[in-house]
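# task: produce atomic coordinates for the following.
(one chain, ligands or ions: 1)
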Amino acid sequence: MGDIQEELMALLSPEDAEAEFPSKPSALRRCEPKRLPLADAAQACSVGQLLAAQDQGEALAVGRLDSGKLVVLADLCPHDGGLLSDGFIEGEAIVCARHGWEFDGRTGQCLSRAGISVPCHAQKPPHI
Ligand code: FES
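Numbers count the residues shown, from 1 in each chain. All right, here's what the predicted structure looks like:
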């Protein structure tokens with residue numbers, strides 16, 4: 001696959017990428033981000049930034065909240081499977097870029113829907 005095609009796929013939603021490139025494997029259509037080792041992501045993450053990381057095969061979103069607190073959450077939005085690492089930080093919340101659900105970065109609790117949460121390693125990030 002050429003670089004231009006890869007760049008275009010990265011800009012499309014998974015649904016649009018599938019419609020545009022139906023012959024590509026689903027893993028490519030999902031446009032998986034490049035993931036840093038957890039310790040590297042934690043060290044590189046600046047205030048207001050979210051990074052895609054991995055630890056022992058687990059996809060993680062590493063973020064530094066506006067307070068400066070480092071948080072580590074599963075990189076999977078419970079609404080519709082969006083990557084939280086594609087989202088953004090707003091105060092102490094992580095906002096999913098796909099549909100805007102908000103999660104407390106310190107606890108993983110969804111602020112948009114009661115009773116929903118994302119696994120959160122905020123209290124004790126693994127292997128950092
Ligand atoms: S996939 Fe995250 S808000 Fe919809």
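# beyond the worst-scoring helix or strand of the chain on mean pLDDT, next helix or strand please.
For the chain, using mean pLDDT, DSSP states H and E, the weakest element among its helices and strands is helix 26-29, scoring a mean of 46. Moving toward the C-terminus from helix 26-29, the next helix or strand (DSSP states H and E) is strand 36-37.
# hmm, who's touching that next one?
With Cβ atoms under 8 Å, 6 or more residues apart in numbering as the test, strand 36-37 has contacts from Ala44, Leu51, Ala52, Ala53, Gln54, Asp55, Val62. For the C-beta atoms, the positions are set from N, CA and C on the backbone; glycine is no exception.
# list the buried residues in the next helix or strand after that strand.
Using DSSP H and E, the helix or strand that follows strand 36-37 in sequence is helix 38-44. Buried residues in helix 38-44, counting neighbours by 16 or more other Cβ atoms under 10 Å, are found at Leu38, Ala41, Ala42.
# helix 38-44: how far from the chain's middle?
14 Å (Cα atoms, centre = their mean, to the nearest Å).
# same for it, what does it pack against?
If you count contacts as 3 or more Cβ pairs under 8 Å, 6 or more residues apart in numbering; DSSP states H and E, helix 38-44 packs onto strand 50-55, strand 58-64, strand 70-74.
# could you list the domains of this protein?
Per automatic domain parsing, the structural domains of the chain span 1-31, 36-104.
# keep only those of the contacts of strand 36-37 that are also close to the ligand.
Near the ligand, taking Cβ under 6 Å from any ligand atom as the test, no member of those is found.
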